[in-house]
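Student: Make a model of this:
(4 chains)
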Protein chains: 2
Amino acid sequence: MQLGKRKESILAATVDMYIRTGEPVGSKTIEKMLNNTVSSATIRNDMAELSAMGYLEQPHTSAGRIPTAAAFRLYIDHLMNRRNLSEKVCRNIDGLLKSVADDPERLIDEASQALAESTGFAAVTTTPSGQSAEVKKIEVIPISPRAAVLFLVTSCGLIRTKVCRFDQEIGSQALEILAKVLNEYFCGGLLADIGLPQVQSMVASLGEYGLACVPALTAFYQLVQETAESEVLLKGQLNLLKHPDYDPVRAGKLIDFLTRGETLADLLSAIPKGLNVVFGSECKRPELDGTSLIVSQYNTGGRPDGYIGIIGPLRMDYAAAIPLIEYFATSIGKILDEMMGINSDGSEK
Amino acid sequence: MQLGKRKESILAATVDMYIRTGEPVGSKTIEKMLNNTVSSATIRNDMAELSAMGYLEQPHTSAGRIPTAAAFRLYIDHLMNRRNLSEKVCRNIDGLLKSVADDPERLIDEASQALAESTGFAAVTTTPSGQSAEVKKIEVIPISPRAAVLFLVTSCGLIRTKVCRFDQEIGSQALEILAKVLNEYFCGGLLADIGLPQVQSMVASLGEYGLACVPALTAFYQLVQETAESEVLLKGQLNLLKHPDYDPVRAGKLIDFLTRGETLADLLSAIPKGLNVVFGSECKRPELDGTSLIVSQYNTGGRPDGYIGIIGPLRMDYAAAIPLIEYFATSIGKILDEMMGINSDGSEK
DNA sequence: TTTTAGCACTCTTTAAGCCCGAGTGCTAAC
DNA sequence: GTTAGCACTCGGGCTTAAAGAGTGCTAAAA
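Tutor: This next block holds a predicted model:
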């Protein structure tokens, strides 16, 4: 569907202005934006056609026009001028991310926070999925006669611990054997490959200590599950409240919806690789109507892993936000890869 | 300052009703609440006097009356009827807390969440201060030729880890010695007693490994600091938005204020032991005007430790909330004590 | 055929005016 | 000291009027 040069500039100008002000845009405003190269009457005619084509709509007869979701889509895909990040911004981001480059979870956390702050919207991220990570090291550390801590490190640098209590006193010898056997069986293997049957089979391998170690094996299995689960992180929800596009009630409903992590996770999992803009109106969720999700996957080891993006009203500054998110996504990917490199062979870069 | 029986019941009824509806209360309403034992005219006279005494105020001439902060103070201290917790509620709380009784941080986290949910306000808590905790166990676990994880367990069951990177490859022997020496020096001692000088002096004690271990010692010191710091936790901020007493702008400002953890920590630190109700108007913070803080310290080992409480508008159901918070505080104290007991000698209860 | 100027028309927003009701304070009687 | 009665006050809600912004259409110009 071709629009013609002039209609395109009119549509682009309309979207630009609407993004800036949030109010219906009239023909006179556009006339000024195009430096009076065409008269408002011509623009009115074109706008009428754009309305008929489904790109613009009027809240009421005597108001200006508002871009539809279709207009935003076209704007994002073809019409807008991406504003590339300034040197300074890039350096700030690099500095921030480098400073937390030893803990994958903190990395994501800080990136999320920074994204929320710099865009003024809510940021959504997921931690690297443990699925593709390998078990790097398991330790069992006694902390009292009847309790021990299980300790797990993955190839991507994730460190997790879990307390495990025993029914009766357990000797340090049993725990040593347990650690040894667990490492022998699972080290170097994928986290995702550790299932209940594998763990259960350990009881036999532990010989005389098998029965006493059952609580530890249960805890180990739970720990693996917890570690493999990728977590959804939401930051800056409160920013949404400050936005004039959301009245408090809608913002509240939206935040409620986002806070239920599973639903958000579902939403993300349906998103293809690379950078995507998803409009709420395209999902079936009524709470998401009028909101938009700009999200990109970050890669680790050349494969798509987690997500990072922002959630806000349809009317966001896409031209600035999209390059920003892309930069975050590639930076995170790079840093995670470096971390994995360091962790696996100790060589820097 | 004596009020007399009747004025007291009138004031109590006014506060009760205002808490329930949030609207100015008129003399006829009070008449009904007192079962027509006195006429509305008499009540009007008394209310006029209560206004003169500073307990009630009128938004405008032709409206009912609203209790002042002084009235709330009197209500909380003398007038209200505490509503004790039902058996069922107690059991629910006990069940919830027991289920997370192996991790002090999760315990506080869950308690906070539950308190926020059941009151419908924001809950504020602080984790047990590591200050009074002892070092229970230190481990150093190599995870790559150039990196290791420091692992710290305290007497109150807190488990913390920190990654430490070395400039050059470090042998497992050096790490073993490091762990041994750290344990010898610090195990059983108070976390609060570990200062920079103590850690620095370790370089000498490590002999030939001293220099290589400097990054680990730095990380250890940081880890101790992080562990000793008691953290402020805020849950259910969004509940405040839903409350009709807060317009969105004020709620936003309040939440912003609360989210800056330090200021909240300052506020808490000025609170005496036991249960307290602090009115925002009593602090100098303009953001807190019209809000109230019900908070109690919980004890561990017989001494006041952290805080748990709720933040909401002046108009809260104190009669229900106060017993609830007290119950949470004593339960948390008990469970933390038990945890410390289990962790130190392995005996249950 | 396309663009532009002009104008009547539509529809929201804002302000002003008005009435209604809730609640008070006062007075006089009990 | 308590109560009934009544005039008075003041905010909330409703209606009406005016102002303003923007459109769509028509007819003329390019």
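Student: When you work out contacts or count neighbours from here on, use the C-alpha atoms and nothing else.
Tutor: OK.
Student: Could you list the low-pLDDT ranges of the stretch 101-250 of chain A?
Tutor: Judged against pLDDT under 70, the stretch 101-250 of chain A has no low-scoring part.
Student: And the strands in it?
Tutor: In the stretch 101-250 of chain A, the segments counted as strands under DSSP state E, counting those that start in this stretch are A:122-126, A:135-144, A:147-154, A:159-165, A:232-235.
Student: near DNA strand D, which residues of chain A?
Tutor: A:24-28, A:41, A:44-45, A:47-48, A:61-65 (C-alpha under 7 Å from any atom of the strand).
Student: among those, which ones are buried?
Tutor: Neighbour counting with 16 or more other C-alpha atoms under 10 Å in any protein chain shown marks A:24-28, A:44, A:47-48, A:64-65 as buried within the residues of chain A next to DNA strand D.
Student: A:Gln200: how many residues sit nearby?
Tutor: The number of residues packed near A:Gln200 is 15, by other C-alpha atoms under 10 Å in any protein chain shown.
Student: With adjacent residues omitted, what lies nearest to it?
Tutor: Taking C-alpha to C-alpha, 6 or more residues apart in numbering or on different chains, and ignoring the residues beside it in sequence, A:Gln200 has A:Leu217 as its nearest neighbour in space, at 7.6 Å.
Student: Which of the buried ones among the residues of chain A next to DNA strand D sits closest to chain B?
Tutor: Within these, distances to chain B taken as C-alpha to the nearest C-alpha reach their minimum at A:Pro24, with 24.7 Å.
Student: Isn't the closest one up against A:Ala63?
Tutor: Yes: at 6.6 Å, A:Pro24 and A:Ala63 qualify as touching, with contact defined as C-alpha atoms under 8 Å.
Student: In the stretch 101-250 of chain A, mark out all the helices, start to finish.
Tutor: A:104-119, A:172-186, A:196-205, A:214-228, A:237-242, A:248-259 (DSSP state H, counting those that start in this stretch).
Student: Out of those helices, the one nearest A:Pro313 is which?
Tutor: When those are compared by C-alpha to C-alpha, helix A:237-242 sits nearest A:Pro313, at 8.3 Å.
Student: I'd like to know how far A:Lys136 sits from A:Leu107.
Tutor: Using C-alpha to C-alpha, to the nearest Å, A:Lys136 is found at 20 Å from A:Leu107.
Student: Show me the domain layout of chain A.
Tutor: A:5-79, A:87-129+A:230-345, A:132-228 (automatic domain parsing).
Student: closest to DNA strand C out of those?
Tutor: domain A:5-79 (3.9 Å; C-alpha to the nearest atom of the strand).
Student: what is the rounded mean pLDDT of that closest one?
Tutor: Domain A:5-79 shows a mean pLDDT of 96 in the predicted model.
Student: start to end distance for that domain?
Tutor: The first and last residues of domain A:5-79 sit 11 Å apart, counting by C-alpha to C-alpha.
Student: what about that domain and DNA strand C, any contact?
Tutor: Yes: Domain A:5-79 reaches DNA strand C (C-alpha under 7 Å from any atom of the strand) through A:37-42, A:45, A:60-62.
Student: Just name the closest of those to DNA strand D, please.
Tutor: Closest approach between those and DNA strand D, by C-alpha to the nearest atom of the strand: A:Ser62, at 4.5 Å.
Student: and the closest residue in space to A:Pro128 that isn't next to it in sequence, how many residues sit next to it?
Tutor: If the residues on either side of it in the chain are set aside, A:Pro128 comes closest to A:Gly306, at 5.1 Å by C-alpha to C-alpha, 6+ apart. Residues contacting A:Gly306 under the criterion other C-alpha under 10 Å number 25.
Student: ok, now which ones touch A:Gly306?
Tutor: With contact set as C-alpha atoms under 8 Å, 6 or more residues apart in numbering or on different chains, A:Gly306 has these partners: A:125-129, A:297-299.
Student: A:Cys90: which of those is nearest?
Tutor: Using C-alpha to C-alpha, these come closest to A:Cys90 at A:Tyr298, 17.1 Å.
Student: ok, back up a step: okay, the residues of domain A:5-79 next to DNA strand C in TSV with secondary structure next?
Tutor: Conversion of the residues of domain A:5-79 next to DNA strand C to TSV gives the following (DSSP: H, G, I helix; E, B strand; the rest coil):
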residue	secondary structure
A:Thr37	coil
A:Val38	coil
A:Ser39	coil
A:Ser40	helix
A:Ala41	helix
A:Thr42	helix
A:Asn45	helix
A:His60	coil
A:Thr61	coil
A:Ser62	coil
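Student: Keep only those of the residues of chain A next to DNA strand D that are in helices.
Tutor: Using DSSP state H, A:27-28, A:41, A:44-45, A:47-48 are the members of the residues of chain A next to DNA strand D that sit in helices.
Student: which of those come close to chain B?
Tutor: Counting by C-alpha under 8 Å from any C-alpha of the partner chain, the subset of those that neighbours chain B is empty.
Student: What is the burial count for A:Ile30?
Tutor: 23.
Student: Give me the phi and psi for it.
Tutor: The main-chain torsion angles of A:Ile30 are listed as degrees, to the nearest 10 and equal phi -60, psi -40.
Student: Return the residues in contact with A:Ser331.
Tutor: The contact partners of A:Ser331, taken as C-alpha under 8 Å, 6+ apart, are A:94, A:97.
Student: Correction: the previous question concerned A:Ala69.
Tutor: Shown in contact with A:Ala69 (C-alpha under 8 Å, 6+ apart): A:55, A:279, A:281, A:314.
Student: ok, now how distant is the second one from A:Ala70?
Tutor: A:Phe279 is 10 Å from A:Ala70, where distance means C-alpha to C-alpha.
Student: again, but for the first one
Tutor: Using C-alpha to C-alpha, one obtains 6 Å as the distance from A:Tyr55 to A:Ala70.
Student: Those two: who's more crowded?
Tutor: A count of neighbours by other C-alpha under 10 Å puts A:Tyr55 above the other of A:Tyr55 and A:Ala70, at 21 against 14.
Student: How about that one: what's its closest non-neighbour residue?
Tutor: Distances taken as C-alpha to C-alpha, 6+ apart put A:Ala71 closest to A:Tyr55, at 4.8 Å, once the chain neighbours are dropped.
Student: The lengthiest helix in chain A: which residues count as buried?
Tutor: Ranked by residue count and defined by DSSP H, the top helix of chain A is helix A:318-345. By neighbour count, and taking 16+ other C-alpha under 10 Å as the criterion, the buried residues in helix A:318-345 are A:318-319, A:321-344.
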